[in-house]
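*Asks:* Structure for the following, please:
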Amino acid sequence: MPMVPSQVADDLITIVKRVNPQPNEPTLDSALVADLGFDSLRLLELIAEMEDHFNVFIPLNEVPAIKTVGQAVAHVTALLETQGRQ
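*Replies:* Next up, the predicted model:
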């Protein structure tokens with residue numbers, strides 16, 4: 001069954017909560033570093049979780065462009081569309 005953007009957002013927020021040890025409540029506008037306290041290792045952990053969960057590949061050179069939860073949702077949604085799984 002294809003995933004709709006709201007499903008991607010819900011799943012991604014759940015992943016962010018699991019990866020983030022801080023009790024912050026992420027929103028689509030939350031900045032991964034500034035608001036949620038992610039460091040480079042935590043960002044890579046998040047990317048790995050996203051790749052596993054959504055069965056997509058996110059090149060490391062694209063990671064710096066993902067600064068907020070909403071940008072991560074948009075990125076995964078675009079990858080799913082490109083790969084014909086949206």
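
*Asks:* in the protein, which ranges drop under the pLDDT threshold?
*Replies:* 1-2, 84-86 (pLDDT under 70).

*Asks:* Just say helix, strand or coil for Met3.
*Replies:* coil (DSSP: H, G, I helix; E, B strand; the rest coil).

*Asks:* these two touch, right, it and Glu81?
*Replies:* No - taking C-beta atoms under 8 Å as the definition, Met3 is not a contact partner of Glu81, at 10.0 Å. Every residue, glycine included, has its C-beta placed from N, CA and C.

*Asks:* neighbour count winner among those two?
*Replies:* Taking neighbours as other C-beta atoms under 10 Å, Met3 and Glu81 compare with Met3 leading, 16 against 12.

*Asks:* Now stretch 42-52: buried residues?
*Replies:* By 16 or more other C-beta atoms under 10 Å, the buried positions in stretch 42-52 come out as 42-43, 45-47, 49-50.

*Asks:* So which of those residues sit within helices?
*Replies:* Of the buried residues of stretch 42-52, the ones assigned to helices by DSSP state H are 42-43, 45-47, 49-50.

*Asks:* Tell me the one among those nearest to Ile58.
*Replies:* Ile47 (5.3 Å; C-beta to C-beta).

*Asks:* Could you give the backbone dihedrals for the residue nearest the centre of the chain?
*Replies:* Centroid-nearest residue in the chain: Ala72, 4.0 Å away (criterion: C-alpha atoms, centre = their mean). Taking degrees, to the nearest 10, you get phi -60, psi -40 for the backbone angles of Ala72.
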